[in-house]
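A.B. asks: Here's my sequence, what's the structure:
(one chain, ligands or ions: 2)
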Amino acid sequence: MSGRGSRPADPGRARPRHDGVDRTPGTGPEAGGGSGQIAPALVGGASALGETSEAGEAKARLRARLLVQRRASVALRRGSLSRSDASRLANRIQRLPEVEAARCVAAYVGLPGEPDTAELLDRLLARGVRVLLPALRADLDLDFREHVGTLVPGALGTREPPAAAPRGVLAEADVVIIPALAVDRTGRRLGRGGGSYDRVLARVGADVPVIAVLHDQEVLDEIPMESHDHNVKIIITPSRTLRCEPTDGTGEHLGPSTS
Ligand SMILES: Nc1nc2c(c(=O)[nH]1)N(C=O)[C@@H](CNc1ccc(C(=O)N[C@@H](CCC(=O)O)C(=O)O)cc1)CN2
Ligand SMILES: Nc1ncnc2c1ncn2[C@@H]1O[C@H](COP(=O)(O)OP(=O)(O)OP(=O)(O)O)[C@@H](O)[C@H]1O
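C.D. replies: Ligands and ions are numbered 1, 2, ... in the order given. You can find the predicted model right below:
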């Protein structure tokens, strides 16, 4: 990313503890706090707290490489292929039994370089499904709001429902659809390094299916894992649907089912 805008020089110090429990009264997710000044500068693919663990450093390097790859592919495609990708993705996601059965879906609005989710969101709304979308907070945690059909600019180039949209209660989502820079077949996920979805997934029930959406070439053999990372259950790319299998504890996995 390009390090735009006015962000604090040492954002990591302002971050909350990362054990999945938000203990700060009135500042937790869905507490209705505004974005304010945005926290960390996720420069060069480094994580928000400037990871120093081996896995954290490996993630930062991988993240930087994947962001370069995405930018190159955006430049190459100039949007046209991404529209057909968007339809194929929407079809795949809608065909999942978990999504067919869902009355409320937490999803997201694609950023440039990501598979476009606009068609999926429109189709879900047209089917009468409640759609919850994230609004990025200053500490990079996410609030959710009901998708009311319109979007306004959020921080860091995101788009989000207007502040007047009803609050979205994440616990009401039957399915959670999230972005990823990369995943592996066991469901390990690499994101943009803000820990936004690590925090969101810590608040999602273990029985709620989590679906990661990304490009075909971003399904990798192995993603380095840290203790706060949460696995996804299903991986969707324009041409593949992968169901992740749990690891056997040695890092080996039993092989995903695919279609
Ligand atoms: N579609 C989508 N929404 C998401 C995420 C995501 O990965 N994808 N996030 C996953 O956690 C959170 C947002 N995290 C972000 C972290 C970094 C940048 C970023 O690097 N932006 C660039 C470009 C900004 C622009 O175009 O204005 C930058 O700041 O340079 C954006 C979002 C919540 N919403
Ligand atoms: N529950 C949490 N609360 C606060 N910080 C967290 C939490 N989980 C992870 N973090 C911090 O967020 C930073 C980024 O984590 P990580 O590299 O796993 O992000 P990511 O999953 O790639 O990003 P994102 O979820 O935003 O797409 C790390 O410094 C980590 O310590």
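
A.B. asks: just checking, R203 touches V176?
C.D. replies: No. Here R203 does not reach V176: they are 9.9 Å apart, not a contact under CB atoms under 8 Å. Any C-beta I mention is one placed from the backbone N, CA and C, and that applies to glycine too.

A.B. asks: any common contacting residues for the two?
C.D. replies: With contacts defined as CB atoms under 8 Å, 6 or more residues apart in numbering, the residues shared by R203 and V176 are L170.

A.B. asks: more neighbours, these two?
C.D. replies: V176 (26 against 17; other CB atoms under 10 Å).

A.B. asks: Excluding covalently adjacent residues, which one is nearest to that one?
C.D. replies: A106 (4.5 Å; CB to CB, 6 or more residues apart in numbering).

A.B. asks: who's that neighbour bridged to?
C.D. replies: Note on A106: beta-bridge partners by DSSP bridges are L132, V176.

A.B. asks: count of residues packed around it?
C.D. replies: Neighbourhood size, A106 [other CB under 10 Å]: 29.

A.B. asks: I'd like the numbering to begin with 39 instead of 1 from here.
C.D. replies: Sure, I'll start counting at 39 from here, so that last one is A144.

A.B. asks: so what's it up against?
C.D. replies: If you count contacts by CB under 8 Å, 6+ apart, A144 has them with 169-172, 182, 206, 208, 211, 213-215.

A.B. asks: quick check, nearest of the residues you listed to ligand 2?
C.D. replies: For these, the residue nearest ligand 2 by CB to the nearest ligand atom is P172; the value is 10.3 Å.

A.B. asks: That closest one is in what secondary structure piece?
C.D. replies: Element membership of P172 [criterion: DSSP states H and E] is strand 168-174.

A.B. asks: helices or strands up against that strand?
C.D. replies: Judged by 3 or more CB pairs under 8 Å, 6 or more residues apart in numbering; DSSP states H and E, the packing partners of strand 168-174 are strand 142-144, helix 156-164, strand 180-184, strand 197-198, helix 234-240.

A.B. asks: The last one: how far from the chain's middle?
C.D. replies: Remark: helix 234-240 is offset 9 Å from the chain centroid, using CA atoms, centre = their mean, to the nearest Å.

A.B. asks: Flag every buried residue along that helix.
C.D. replies: Of all the residues in helix 234-240, those buried under the rule 16 or more other CB atoms under 10 Å are 234-239.

A.B. asks: any residue of it up close to ligand 1?
C.D. replies: Yes. Counting by CB under 6 Å from any ligand atom, contacts between helix 234-240 and ligand 1 involve 234-235.

A.B. asks: what's the next helix or strand after that helix packed up against?
C.D. replies: Next in sequence after helix 234-240, counting helices and strands by DSSP H and E, comes strand 248-251. Strand 248-251 sits against helix 118-133, strand 213-217, strand 272-274, with contacts defined as 3+ CB pairs under 8 Å, 6+ apart.

A.B. asks: What are the contacting residues of the last one?
C.D. replies: In other words, strand 272-274. Applying CB under 8 Å, 6+ apart, the contact partners of strand 272-274 are 127, 130-131, 134, 136, 221, 223, 225, 247-252, 257, 279-282, 294.

A.B. asks: Can you select the buried ones among those for me in ChimeraX?
C.D. replies: Those of those that count as buried under 16+ other CB under 10 Å are selected in ChimeraX with:
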select :127,130,131,134,136,221,223,225,247,248,249,250,251,252,257,279,280,282,294
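
A.B. asks: Need the pLDDT of H253.
C.D. replies: Model confidence at H253, given as pLDDT, is 92.

A.B. asks: Same question for G206.
C.D. replies: Looking at G206, its pLDDT reads 97.

A.B. asks: ditto for D181
C.D. replies: Looking at D181, its pLDDT reads 98.

A.B. asks: and it, what are its bridge partners?
C.D. replies: Counting by DSSP bridges, D181 is bridged to A173.

A.B. asks: burial count for it?
C.D. replies: Neighbours of D181 under the rule other CB under 10 Å: 24.

A.B. asks: now R141
C.D. replies: Using other CB under 10 Å as the criterion, the residues surrounding R141 number 12.

A.B. asks: just the one 5 residues further on next, same as before
C.D. replies: By the other CB under 10 Å criterion, the neighbourhood of Y146 contains 24 residues.
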